[in-house]
Each structure stands twice: as structure tokens, then as C-alpha cells.
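1. pasting a predicted model and its sequence here:
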Amino acid sequence: MKRASVFWFTGLSGSGKTTVAEGVRRILEAAGIVTLVLDGDEIRNRLHRNLGFTREEIMLNNRLVAGLCESSRDAYDVILVPIISPYEECRRLARERLGKGFYEVYFDADLACVMQRDVKGLYAKAKRNELNNLIGYAPTNPYEVPAAPDWTVCSKTEKAQESTRALSVFILAELSGKKVSL
């Protein structure tokens, strides 16, 4: 019986979480590992459209995503969750709920870096006051950097391909309990 390991990707919007998740998924599936990507943006847009970005709504969204992980665990080997998950409390609750096999992966990219990338145009909108409460940008909605993640992706200095490869090696090693190289 399968019981998926959950890799909970946390970091600012634009830090590379979804890009790396999709790359890791391809590598894992090529190795025969049944993998699900539960993208925070997609889930919010499809299932939780009514939720805004207050602390309470973000906490609720994270709990709902953790619930999706829990209900999907028996069908997969690995679940990758690219989600901002900005608060230490969100991540702690997800770890407690999902227990053994939960890994927190921090995407380290500072505000200047993600503002320069601005893949979704969110930071430009926030700068023009068209978007309030942007996580990590608005003073009222800070991003709390993880104190002790299980893995850190240095996305401000690494290329997505390097990060994808390194994270895939980490995941494969965790799954097998052995040293792995790609």
C-alpha cells in the first residue's frame, strides 16, 4: 500500500516553486515514481475561489491543501505542493497533520529577486496599489522565513534546472534511504 511522502514547497510568489515542482515531477515519473503536484495557485483558483488573502483565509487555504494531501496519499508515492505557505504556523500545522513523510522545502529568494522576475505581474500591481496584501510585499502580510526547513532551494542564485536536479536527488535519497546521484 502506498503512502506518499509530501514535499511542501514554501517561498515567495515568483521564487520558482511551481517550475521546480514540474521539473521534479518529470524526473520522478521517469524513475517510475507515481507523483502528484498540488499547486497552491491552481487549487485556490479551482476550489477555493472565495478565499481572499487575510491571515485567516491563508491559514484556511493551507489547511484545505493539507487535507487534499492527506486524502491523496494512498494513491501516490510523492506529492509535491508548491504553495506560498507564508506563516510558520501554517507549515507547523501541515507537518503535524501529515506526520511522517512530510518535508518542508524552502525556496530562498528575497523580495528584490522575485520583484525583478515578477512572472505573474503581481509585484508590479502591488507597486501601483492595484493589489493589496501581497504576501511578503505588504507590511501587513509578511512572509515568515522557515527556521529549520528539511531542504533549501537557493532559487535566488541557482538556475531552475540546477534546483530541480538537486531537489530530485534529495527526494530520491529520502525515498530510498540511500545516497543517490543523477
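-> Great, that's in hand.
2. and the lowest-mean-pLDDT helix or strand in the chain, what does it pack onto?
-> When each helix and strand of the chain is scored by mean pLDDT, DSSP states H and E, helix 40-47 comes last, with a mean of 80. Packed against helix 40-47 by the contact rule (3 or more Cβ pairs under 8 Å, 6 or more residues apart in numbering; DSSP states H and E) you find helix 55-72. All C-beta atoms are positioned from the backbone trio N, CA, C, and that covers glycine.
3. who touches the helix it packs on?
-> Helix 55-72 has contacts (Cβ atoms under 8 Å, 6 or more residues apart in numbering) with 4, 6, 36, 38, 40, 43-44, 47-48, 51, 79, 81, 83-87, 89-90, 93-94, 97-98, 135, 141.
4. and if we set it to 6 Å?
-> Here helix 55-72 makes contact (Cβ atoms under 6 Å, 6 or more residues apart in numbering) with 6, 36, 38, 43, 48, 51, 79, 83, 85, 90, 94, 97-98.
5. quick check: residue 78 touching residue 5?
-> Yes. Judged on Cβ atoms under 6 Å, residue 78 makes contact with residue 5 at a distance of 5.5 Å.
6. who's more crowded, the two?
-> The neighbour comparison of residue 78 against residue 5 (other Cβ atoms under 10 Å) goes to residue 78, with 24 against 19.
7. who's that one bridged to?
-> Assessed by DSSP bridges, residue 78 has beta-bridge partners residue 5, residue 35.
8. now do the contacts for it.
-> Residue 78 makes contact with 4, 5, 28, 33, 35, according to Cβ under 6 Å, 6+ apart.
9. this completes my enquiry, with thanks.
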